[in-house]
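In: Got a sequence here, can you build the structure:
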Amino acid sequence: MRDDNETKIGRRAAMKRSLLVLGAAAIAPAALAACGSEEGGGGSANACADTAGLSAADLSTRTTNAYVDPGPDAAKHCAACALYVAPAGGAPCGTCPVVKGPIATTGTCTAFVAKPS
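Out: Just a heads-up that it's a prediction; the model follows:
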């Protein structure tokens with residue numbers, strides 16, 4: 001039979017463990033964000049995939065128009081679309097009046113309209 005004293009931990013040990021967990025929880029988001037950045041070594045193949053601030057209706061426009069990044073057909077990438085609004089100031093993502101949220105130059109959707117030559 002187990003002794004109850006074997007499973008109990010002291011207040012100091014509990015406090016140390018709590019501080020370790022809280023410290024890890026505070027650092028984890030920044031560490032994970034670095035994984036997707038170019039400096040973090042993880043590459044930024046999907047830098048425009050952050051749709052956290054979009055409403056359900058805006059997310060629906062992405063689904064309805066079958067927006068994907070990267071798109072399978074290079075001839076129909078967003079950079080070649082008349083609707084695509086290029087990013088300003090070196091930002092990684094552009095915008096689109098049809099598909100809401102961040103739009104990558106390599107993305108594609110069913111609303112593609114070729115830029116006039």
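In: centroid residue for this protein?
Out: The chain has D50 as the residue nearest its centroid, 3.2 Å off, counting by C-alpha atoms, centre = their mean.
In: and it, what is it in contact with?
Out: By C-beta atoms under 8 Å, 6 or more residues apart in numbering, the contact list for D50 reads P102. C-betas here are computed from N, CA, C, even on glycine.
In: quick one: it from V113, how far?
Out: Separation of D50 from V113 (C-beta to C-beta, to the nearest Å) stands at 25 Å.
In: One more: D73?
Out: Relative to V113, and taking C-beta to C-beta, D73 is found at 14 Å.
In: who's more crowded, those two?
Out: V113 (12 against 9; other C-beta atoms under 10 Å).
In: ok, P97 touching Y84?
Out: No: here P97 does not reach Y84: they are 9.5 Å apart, not a contact under C-beta atoms under 8 Å.
In: of the two, who's got more company?
Out: Counted by other C-beta under 10 Å, P97 and Y84 do not tie: Y84 has more neighbours, with 23 against 9.
In: ok, the spatially closest residue to that one that is not a sequence neighbour - contacts?
Out: Nearest residue to Y84, sequence neighbours excluded (C-beta to C-beta, 6 or more residues apart in numbering): C78, at 4.5 Å. Contacts for C78 (C-beta under 8 Å, 6+ apart) come out as 71, 84, 94, 96, 103-109, 112.
In: Name the weakest-confidence residue in those, if you would.
Out: In terms of pLDDT, G71 ranks lowest among the contacts of C78, with 88.
In: where along this protein do the helices fall?
Out: 4-7, 11-36, 56-64 (DSSP state H).
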